[in-house]
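J.: got a predicted model here, sequence first, then my questions.
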Amino acid sequence: MRQQNIDNAYARYCYLLAALDNDDDQLSDDFIAALKNQRKFAQLAVKDHFEAMTLNTLKAAASLALMKEARPDDGWELLDSLRLKLARRVKSKKTGRSHAAIEKRSKDKVALLQLRLRETALTNALQSQAYRDLFCKIRFLLENALLEDRTQQRLHNLLEDHRALYGHLMSFDLQSNTVEIHVVKGGTDR
């Protein structure tokens, strides 16, 4: 086994220990991605620290490089256990942040939808009020004979057609000349 490979395996061990002792935010995305499996970890190169190598070479070199830190022939198991430990820690931290972000986005979306719902309800109320006002004014014009007969008949026909189509949504009080609008759940009967 070449000394360069043994040094490379030991450098990986030191790098993993340092990463476990420090904050995960300093780890590069390439390094985090390489923690996912053994082959990617072996192929990883970190400038000024260690070079890429094959998985079999890394396993053999780790057993030799970590003889003092692990039992004989357990160097690779030690190195791989550190990789897995760091991978789990990085994953749990990223998941924690993403859950918080997902929860915040969800709360923001609900708040926005509630605001839009209130705005829609207000708009509907204003439109209903405007509709009632216009309807009452047209009925007033018809009943007070301020229009020509032909125009009055046309408006009367329009209101009758309207009442036939939309009368189930409103109550007409002919005595007080008012219209009451009802909210129908689920839309119209049609």
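T.: Noted; the coordinates are in hand.
J.: give the contact list for residue 158.
T.: Residues near residue 158 by Cβ atoms under 8 Å, 6 or more residues apart in numbering: none. Every residue, glycine included, has its C-beta placed from N, CA and C.
J.: after the helix or strand that contains residue 120 comes which helix or strand?
T.: Element membership for residue 120 (DSSP states H and E) is helix 75-143. Next helix or strand after helix 75-143 toward the C-terminus (DSSP H and E): helix 149-166.
J.: list the buried ones in that next one?
T.: residue 152 (16 or more other Cβ atoms under 10 Å).
J.: and for stretch 137-151?
T.: In stretch 137-151, counting by 16+ other Cβ under 10 Å, buried: 139, 142.
J.: from the chain's centroid, how far away is the helix holding residue 120?
T.: Relative to the centre of its chain, helix 75-143 is centred 9 Å away, using Cα atoms, centre = their mean, to the nearest Å.
J.: stretch 6-25 now?
T.: Chain-centre distance of stretch 6-25: 35 Å, with Cα atoms, centre = their mean.
J.: residues making contact with that stretch?
T.: 27, 31-32, 41, 46, 49-51, 53, 58, 61-62, 64-66, 69, 75, 78-79, 82-83, 85-86, 89-90, 93.
J.: and it, C-alpha only, in PDB?
T.: Provided in PDB are the C-alpha atoms of stretch 6-25 (Å, rounded to 0.1, in the frame of the first residue of the first chain):
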ATOM      1  CA  ILE A   6      -2.700   5.800   3.900                       C
ATOM      2  CA  ASP A   7      -2.200   9.500   4.400                       C
ATOM      3  CA  ASN A   8      -5.300  10.200   2.300                       C
ATOM      4  CA  ALA A   9      -7.400   7.900   4.500                       C
ATOM      5  CA  TYR A  10      -6.100   9.400   7.700                       C
ATOM      6  CA  ALA A  11      -6.800  12.900   6.300                       C
ATOM      7  CA  ARG A  12     -10.400  11.800   5.700                       C
ATOM      8  CA  TYR A  13     -10.600  10.600   9.300                       C
ATOM      9  CA  CYS A  14      -9.300  14.000  10.600                       C
ATOM     10  CA  TYR A  15     -11.600  15.900   8.300                       C
ATOM     11  CA  LEU A  16     -14.700  13.900   9.500                       C
ATOM     12  CA  LEU A  17     -13.700  14.500  13.200                       C
ATOM     13  CA  ALA A  18     -13.300  18.200  12.600                       C
ATOM     14  CA  ALA A  19     -16.600  18.400  10.800                       C
ATOM     15  CA  LEU A  20     -18.300  16.600  13.700                       C
ATOM     16  CA  ASP A  21     -16.800  19.100  16.100                       C
ATOM     17  CA  ASN A  22     -17.800  22.200  14.000                       C
ATOM     18  CA  ASP A  23     -21.000  23.700  12.700                       C
ATOM     19  CA  ASP A  24     -22.500  21.900   9.700                       C
ATOM     20  CA  ASP A  25     -23.100  25.200   7.900                       C
END
